[in-house]
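> Predicted model, plus sequence, below.
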Amino acid sequence: MAGSKLGCGRVISRMKRLHMKTEWLVRLDLWGHLRALRDNCRGQDLIEYALLAGLIAASVVTMFPAIADSFTTIMSKPNSVIALAGAS
């Protein structure tokens, strides 16, 4: 009886060590993916240009009220087309 308990304890101990090693490898793999994501700069220029265009549009609309009305008219047309496409 004592021998079977000892063998069972060794199996559990091995399983725990294997589980700990697996967790460690998963963490290392995740860390590697996060580093690669941090170093990846693809698409950064496009985002910067979109933010700059939005900033310019917002500043022009707030500075010139006459442009704000035409801007609203221009943007309402694509909005209605998108709404119609979504309804069908």
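It's in.

> show me the contacts for E23.
By CB atoms under 8 Å, 6 or more residues apart in numbering, the contact set of E23 is empty. Using the backbone N, CA and C atoms, a C-beta is placed for each residue, glycine as well.

> any idea of the pLDDT on it?
The confidence metric pLDDT takes the value 79 at E23.

> Also T72?
78.

> quick one, phi psi at I47?
phi -70, psi -40 (degrees, to the nearest 10).

> buried set for the longest helix seen in the chain?
Assignment by DSSP state H gives helix 2-39 as the longest helix of the chain. For helix 2-39, the neighbour count (16 or more other CB atoms under 10 Å) marks no residue as buried.

> start the count at 101, not 1, going forward
OK, 101 is where the count begins now, so the last one is helix 102-139.

> tell me, what residue is most central in this protein?
L137 (10.2 Å; CA atoms, centre = their mean).

> any idea of the pLDDT on that one?
Per-residue confidence (pLDDT) for L137: 78.

> how many neighbours does F171 have?
14 (other CB atoms under 10 Å).

> which residue sits closest to it, ignoring its sequence neighbours?
V161 (5.4 Å; CB to CB, 6 or more residues apart in numbering).

> residues touching the one you found, list them.
Contact analysis of V161 by CB under 8 Å, 6+ apart lists I167, A168, F171.

> Just the closest of these to A187, please.
Using CB to CB, the shortest approach to A187 within these belongs to F171, at 24.8 Å.
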